[in-house]
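Q: sequence first, then the predicted structure, then my questions.
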Amino acid sequence: MKIIGGTVVAILYILVAAAQAQQPPALITNIEGRHTIDLNGRWQIIIDPYETGYYDYRYQPSTDGYFKNAKPKSPSDLIEYDFDTSQQLNVPGDWNSQDQRLLFYEGTVWYKKSFNYQKKDRTRLFAYFGAANYLADVYLNGQKLGRHEGGFTPFNFEITNLVREKDNFLVVKVDNKRRRDAVPTLNTDWWNYGGLTRDVNLVEVADTFIEDYLLQLKKGSKNEITGWVKLNGAIGGKAITIEIPEAHVKQPATTDASGYAPVSFKAPLNLWSPENPKLYSVKVSTNSDAVVERIGFREIETRGTEILLNGKPIFLRGISIHEESPLRGGRAFSEDDARMLLTWVKELGCNFVRLAHYPHNEHMTRLADEMGIMVWSEIPVYWTVLWDNPETFLNARNQLGESITRDKNKASVILWSVANETPVSEARIKFLKGLVDYARQLDPTRLLTAANERHYADPDTQVIDDPLGEYLDVLGCNEYVGWYDGLPEKADHLTWKVAQNKPLIISEFGGDAVFGNHGDKGARWTEEYQKNLYEHQLAMLKRIPSLRGMTPWILTDFRSPRRPLPGMQDFYNRKGLISNRGERKQAFYVLQDFYRTLIKEGK
């Protein structure tokens with residue numbers, strides 16, 4: 001669908017309302033604070049590259065596909081699949097790293113899990129998925145619950161009226177085929193891990209339950225909490241109580257006819273920061289439901305080229321991370337994975353991390369809260385999506401909304417990013433401005449950013465003047481001087497000019513090195529080359545007046561199909577400061593020393 005010029009945004013927003021009915025139900029937030037039943041473990045799977053279990057031989061959707069989990073009723077019945085005798089895979093987990101045959105596989109895999117359930121009075125039941133990459137069709141006992149698109153955000157479906165006490169079977173068709181109109185699109189620089197890659201739970205809630213809430217500091221205040229609570233199944237006039245016992249808060253509120261209750265109240269607070277990651281136990285309750293979450297309160301804002309945390313200027317000592325487990329291999333998904341990665345981040349001297357290039361699992365943001373690490377969270381609007389396609393916009397918008405819904409009460413998350421390295425065009429600006437506006441609508445308490453474009457004004461001058469920067473709070477920019485752009489010494493004579501009077505984060509720089517590969521500092525792929533590159537880069541970056549942070553690329557080596565060079569890459573991006581076996585390269589210590597110096601200087 002091609003749309004011209006100024007009509008793009010209008011048509012995109014007209015289509016938003018029509019698309020809502022096709023989306024899964026509203027998200028239940030704070031799953032950790034709910035009563036859940038774990039469905040993780042071994043699931044039966046069927047590999048289905050031709051989607052035989054979904055389409056008939058005329059390529060029409062079948063009414064009798066694999067989702068029926070059919071069994072022969074007599075020896076003469078013909079049924080050409082059987083979950084119970086098929087292989088199994090672990091959930092959560094990607095299929096690529098669990099079966100060598102599936103290493104590069106892109107297509108459909110069917111998952112099935114059987115369970116019993118004891119029904120309870122006045123209790124509703126939901127199936128909750130932390131993520132499925134990429135397109136998921138979900139069925140319970142042969143009935144379709146719905147579809148979810150997007151590989152890195154959570155979704156849930158109510159199953160109260162379909163669940164039975166014995167022999168339930170939950171079936172999920174997961175399809176990770178790349179598409180031109182998808183988000184991300186066909187071309188990425190990370191592994192396309194398919195499957196049920198995060199936790200799967202049954203969630204029990206009351207008839208009328210606390211579905212969602214936002215409780216954060218009011219912009220410009222250090223002691224006023226503002227936000228709202230949303231009930232599901234409520235009638236108007238329902239009493240709600242918000243309690244923060246340690247701050248001596250017990251605040252009542254009352255819902256309107258839609259179950260929504262705005263709140264605003266003052267509280268004496270010890271503010272969250274990397275040096276003092278204070279979390280309060282916050283209880284939201286009604287007469288029939290209660291949810292407890294640990295929430296930190298902090299103020300984040302900009303003033304000119306400064307980023308202010310709780311009113312004080314900060315420098316973001318960061319690193320980028322992909323959601324990959326460097327020791328086990330495959331998609332990172334567990335609390336142990338998150339703790340290992342973020343412990344390495346702290347060892348490096350960071351107070352900040354960029355979770356690239358998509359929302360990471362919730363263990364990462366919860367632990368970042370606890371460990372005092374600020375977070376840049378982004379959605380996979382990456383490189384060149386279809387800017388003039390309304391369905392692509394709605395897809396990106398939905399992923400942004402699900403990411404914000406899940407993490408909006410995390411003190412660690414200070415930046416929502418709407419894009420990475422997207423080429424400048426009128427359609428792209430309108431697309432991304434629509435996302436920025438939507439993010440501000442959902443969460444007015446945080447800053448907006450993106451990895452913007454840059455260019456050379458002359459051989460010695462880099463310019464950041466991407467028009468997208470007008471709509472952002474903080475400018476991001478990726479640059480690879482010394483790797484894709486000349487040799488490391490080129491950085492010595494470069495000058496940077498930034499058009500907007502806003503804080504700048506250099507969101508990527510770096511170069512590849514194979515751990516243990518040594519040689520002259522001018523020899524690519526050696527640790528010495530990477531070390532030399534970092535030394536020249538850091539000297540250059542210190543000369544940029546508006547620089548307020550950096551997230552070099554990247555903490556650990558990670559898999560990428562774009563990296564085939566034998567003996568060096570072997571389908572890994574080797575820009576990690578730590579190898580995929582956990583070994584520190586020389587550049588790790590260069591950046592560590594740089595950050596330790598900044599800490600001594602009080603930055």
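A: That came through fine. Residues are numbered from 1 along each chain as shown.
Q: verify the stated contact: Y55 with S62.
A: Yes: using CB atoms under 8 Å, Y55 makes contact with S62 at a distance of 6.1 Å. Using the backbone N, CA and C atoms, a C-beta is placed for each residue, glycine as well.
Q: higher neighbour count, those two?
A: S62 (17 against 14; other CB atoms under 10 Å).
Q: now do the contacts for the residue nearest the centre of the chain.
A: Centroid-nearest residue in the chain, with CA atoms, centre = their mean: P359, separated by 0.3 Å. Neighbouring residues of P359 by CB atoms under 8 Å, 6 or more residues apart in numbering: 152-153, 377-379, 399, 402-403, 406-407.
Q: same question, L271
A: 222, 278, 297-299, 310.
Q: try 7 Å
A: Taking CB atoms under 7 Å, 6 or more residues apart in numbering, we find L271 in contact with 222, 278, 297-298, 310.
Q: give the ChimeraX command for selecting the buried subset of these.
A: Of the contacts of L271, the buried ones can be selected in ChimeraX as follows, counting by 16 or more other CB atoms under 10 Å:
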select :278,297,298,310
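Q: closest one of the contacts of L271 to V514?
A: R298 (40.2 Å; CB to CB).
Q: how much space separates the closest residue to that closest one other than its chain neighbours from N389?
A: What sits nearest to R298 in space, not counting adjacent residues and going by CB to CB, 6 or more residues apart in numbering, is W272, at 4.2 Å. Distance, W272 to N389, using CB to CB, to the nearest Å: 40 Å.
Q: these two: which has the busier surroundings?
A: It is W272, of W272 and N389, that has more neighbours when counted by other CB under 10 Å, with 25 against 19.
Q: hey, which helix or strand in the chain has the poorest pLDDT?
A: helix 7-20 (a mean of 43; mean pLDDT, DSSP states H and E).
Q: after that one, which helix or strand is next? Please name it.
A: Per DSSP states H and E, the first helix or strand lying C-terminal to helix 7-20 is strand 35-38.
Q: partner strands of that next one and their direction?
A: strand 200-206 (antiparallel) (DSSP bridges).
Q: avg pLDDT for stretch 453-467?
A: Across stretch 453-467, pLDDT averages out at 96.
Q: need the residues that contact it.
A: Under CB under 7 Å, 6+ apart, the answer for stretch 453-467 is 423-424, 429, 452, 475, 477, 479, 493-499, 504.
Q: in it, what counts as buried?
A: So, applying 16+ other CB under 10 Å, buried residues of stretch 453-467: 453-454, 462-467.
Q: start to end distance for it?
A: Length of stretch 453-467, first residue to last, CA to CA, to the nearest Å: 9 Å.
Q: with stretch 265-278 instead?
A: Span of stretch 265-278 from end to end, CA to CA: 19 Å.
Q: point out where the chain drops to low pLDDT.
A: 1-25 (pLDDT under 70).
Q: same thing but at 80, please
A: 1-25, 234-235 (pLDDT under 80).
Q: can you map out the helices along it?
A: 7-20, 335-348, 362-371, 390-407, 426-442, 527-541, 586-600 (DSSP state H).
Q: can I get those in CSV including distance to I210 and mean neighbour count?
A: Putting the helices of the chain into CSV (distance: least, CB to CB, whole Å; neighbours: other CB atoms under 10 Å) gives the following:
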stretch, distance to I210, mean neighbour count
helix 7-20, 22, 14
helix 335-348, 24, 18
helix 362-371, 18, 21
helix 390-407, 14, 23
helix 426-442, 18, 19
helix 527-541, 45, 22
helix 586-600, 41, 17
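Q: export those helices as TSV, with columns for distance to Y139.
A: Shown next, in TSV, are the helices of the chain (distance: least, CB to CB, whole Å):
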stretch	distance to Y139
helix 7-20	22
helix 335-348	29
helix 362-371	25
helix 390-407	21
helix 426-442	30
helix 527-541	49
helix 586-600	47
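Q: closest one to L355 among the ones you listed?
A: Closest among the helices of the chain, using CB to CB: helix 362-371, at 6.3 Å.
Q: residues in contact with the closest one?
A: Contacts of helix 362-371 (CB under 7 Å, 6+ apart): 130, 277, 279, 296, 334-335, 338-339, 342, 346, 353, 355, 375, 406-407, 410-413.
Q: got the contact list for L355?
A: 321, 364, 375-377.
Q: do you know how far it is from E51?
A: 32 Å.
Q: between all of the buried residues of stretch 453-467, which two are separated the most?
A: So, the buried residues of stretch 453-467 by CB to CB: farthest apart are Q462 and P467, at 16.8 Å.
Q: so which residues of the stretch 501-603 of the chain form strands?
A: 504-508, 547-550, 558-559, 572-573 (DSSP state E, counting those that start in this stretch).
Q: do you know which of those lies nearest P566?
A: Taking those one by one with CB to CB, strand 572-573 is closest: 11.5 Å.
Q: list the contacts of that closest one.
A: Outside of strand 572-573, the residues within contact range by CB under 7 Å, 6+ apart are 189, 557-560, 563, 580.
Q: check stretch 534-542 too.
A: 481-482, 488-489, 491-492, 494, 506, 509, 547, 550, 587, 590-591, 594.
Q: let's see it at 8 Å
A: By CB under 8 Å, 6+ apart, stretch 534-542 touches 481-482, 488-492, 494, 506, 509-510, 547, 550, 552, 587, 590-591, 594.
Q: stretch 432-449 too?
A: By CB under 8 Å, 6+ apart, stretch 432-449 touches 9, 12-13, 214, 216-219, 300-302, 307, 376, 379, 381, 393, 396-397, 400-401, 404-405, 408, 413-419, 422, 450, 468, 471-476, 505.
Q: much appreciated, bye for now.
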